[in-house]
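K.L.:
have a look at this prediction, sequence included:
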Amino acid sequence: MTADKFRSLALSLPEAVEGAHMNHPDFRVRRKIFATLGPDETWGMAKLTPDQQEWFMHTEPDVFQPASGAWGRQGATIVQLRKAKQATVQQVLLAAWRNTAPKRLVQQYDTR
């Protein structure tokens, strides 16, 4: 997985746009961040729930780890891009998008 592919997958989600904060790219839905790329673009972060984070870390411990501090305890999950498979990252980004997007938008997306 490359940073460009991570970006492409994130931006393929409904109403997703790229922004930036703290000198690195982020991906937002209706102004709320659901994923970011690290400053060196070797890793990404997805805003998961703690249960989702635990599941992904259990299934692929070499790919996923909690972000440091309180963010990680709340579900922010680091994705080691070099080790990640596209299908798994797509699942992670979709989960992060669903966690962040307004419920009506999620419902519209799910009924398509």
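P.N.:
Alright, I've got the coordinates.
K.L.:
ok but residue 20 is inside a strand, no?
P.N.:
Yes - the assignment for residue 20, made by DSSP: H, G, I helix; E, B strand; the rest coil, places it in a strand.
K.L.:
is it in contact with residue 33, as I believe?
P.N.:
No - between residue 20 and residue 33 there is no contact under C-beta atoms under 8 Å: 10.5 Å. Every residue, glycine included, has its C-beta placed from N, CA and C.
K.L.:
tell me, what's touching these two both at once?
P.N.:
The overlap between the contact sets of residue 20 and residue 33 (C-beta atoms under 8 Å, 6 or more residues apart in numbering) consists of residue 26.
K.L.:
higher neighbour count, these two?
P.N.:
Neighbour totals were compared for residue 20 and residue 33, and residue 33 leads with 16 against 10 (other C-beta atoms under 10 Å).
K.L.:
three-state assignment of that one?
P.N.:
Assigned state for residue 33: strand (three-state reduction, three-state DSSP).
K.L.:
spatially nearest residue to it, not counting backbone neighbours?
P.N.:
Residue nearest to residue 33 in three dimensions, not counting chain neighbours: residue 26, with 4.9 Å by C-beta to C-beta, 6 or more residues apart in numbering.
K.L.:
swap in residue 2?
P.N.:
Counting by C-beta to C-beta, 6+ apart, residue 2 lies nearest to residue 81, which is 6.6 Å off, once chain neighbours are set aside.
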